[in-house]
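**Q** turn this into a structure:
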Amino acid sequence: MEYILSDTHFGHFNVIRYASRPFITIEEMDGTMMNYWNDIINPEDIVWHLGDVCFKWNKERTANFIMHLNGRKKLILGNHDKSRSITWWKDVGFEEIFDKPVRYNDNFIFSHEPMFVVPDRMINIHGHIHEKKIDLPNPEKYINVSVEQIGYKPKLLSEVLVWP
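**A** Here you go, the predicted model:
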């Protein structure tokens, strides 16, 4: 099975306030999202993370946390991830890392930020904007999988791909 999510921001206290997350502490936020993840994801499942994994963690802490998340993880680098190299992200537990949007099947493009130009007959699955609604041209061409939009847990990709 394949799953998708974006903008976990593990370890980022201020995102609780910035994105109106329903948590009091980092430990509550990180623990809740880790538990949701591991309740849903099996070791052989693939999880597409569309960026902004964690905030200012060193390599050891990041690797320790990622190792405790089930599944085979793929990452599209978000704005908070780009300060680390692709090798760094592989070393901490991601199987594949992409620094550009990824075309998925014939009709979908995965990216961290919404793409303001989406090719005809394609839908952009993205994160970055969290709980916010922004004015995008052709809003039916965009699906936001920031954790605030999907209940703070990975979403089955086949369910995302049929959203209107």
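
**Q** identify the residues contacting Ile24.
**A** With contacts taken as CB atoms under 8 Å, 6 or more residues apart in numbering, Ile24 has the following neighbours: Ile16. From N, CA and C alone the C-beta is placed, and that goes for glycine too.

**Q** redo that, cut-off 6 Å
**A** For Ile24, no contacting residues are found, by CB atoms under 6 Å, 6 or more residues apart in numbering.

**Q** before we move on, what SS does it have?
**A** For Ile24, the reduced secondary structure class is coil; criterion used: DSSP: H, G, I helix; E, B strand; the rest coil.

**Q** so it versus Thr32, what's the distance?
**A** 11 Å (CB to CB, to the nearest Å).

**Q** any idea how far the most far-flung residue of the chain relative to its centre lies from Lys141?
**A** The outermost residue of the chain, judged against the average C-alpha position, is Asp120 (24.4 Å), by CA atoms, centre = their mean. In this structure, Asp120 lies at 9 Å from Lys141, with CB to CB as the measure.

**Q** mind listing the strands for the protein?
**A** If you assign secondary structure with DSSP state E, the strands in the chain sit at 2-5, 46-49, 72-76, 94-98, 102-104, 108-110, 123-126, 142-144, 155-156.

**Q** where in the protein is pLDDT low?
**A** Low-confidence segments of the chain (pLDDT under 70): 163-164.

**Q** so which residues of it form helices?
**A** Applying DSSP state H to the chain gives helices spanning 13-18, 26-40, 59-67, 86-91, 157-160.

**Q** looking at the ones you listed, which is nearest to Val47?
**A** Taking CB to CB as the criterion, Val47 comes closest to helix 26-40 out of the helices of the chain, the separation being 7.7 Å.

**Q** any idea how far the closest one is from the middle of the chain?
**A** How far helix 26-40 lies from its chain's middle: 14 Å, per CA atoms, centre = their mean, to the nearest Å.

**Q** now swap in stretch 33-50 and tell me
**A** Averaging C-alpha positions (CA atoms, centre = their mean) puts stretch 33-50 11 Å from its chain's average.

**Q** most centrally placed residue in this protein?
**A** Among the residues of the chain, Ser6 comes closest to the average C-alpha position under CA atoms, centre = their mean, at 1.9 Å.

**Q** the closest residue to it other than its chain neighbours: neighbouring residues, count only.
**A** If you skip the residues right next to it in sequence, Ser6 has Gly127 as its closest partner in space, 2.4 Å away by CB to CB, 6 or more residues apart in numbering. The local packing count at Gly127 equals 29, with neighbours defined by other CB atoms under 10 Å.
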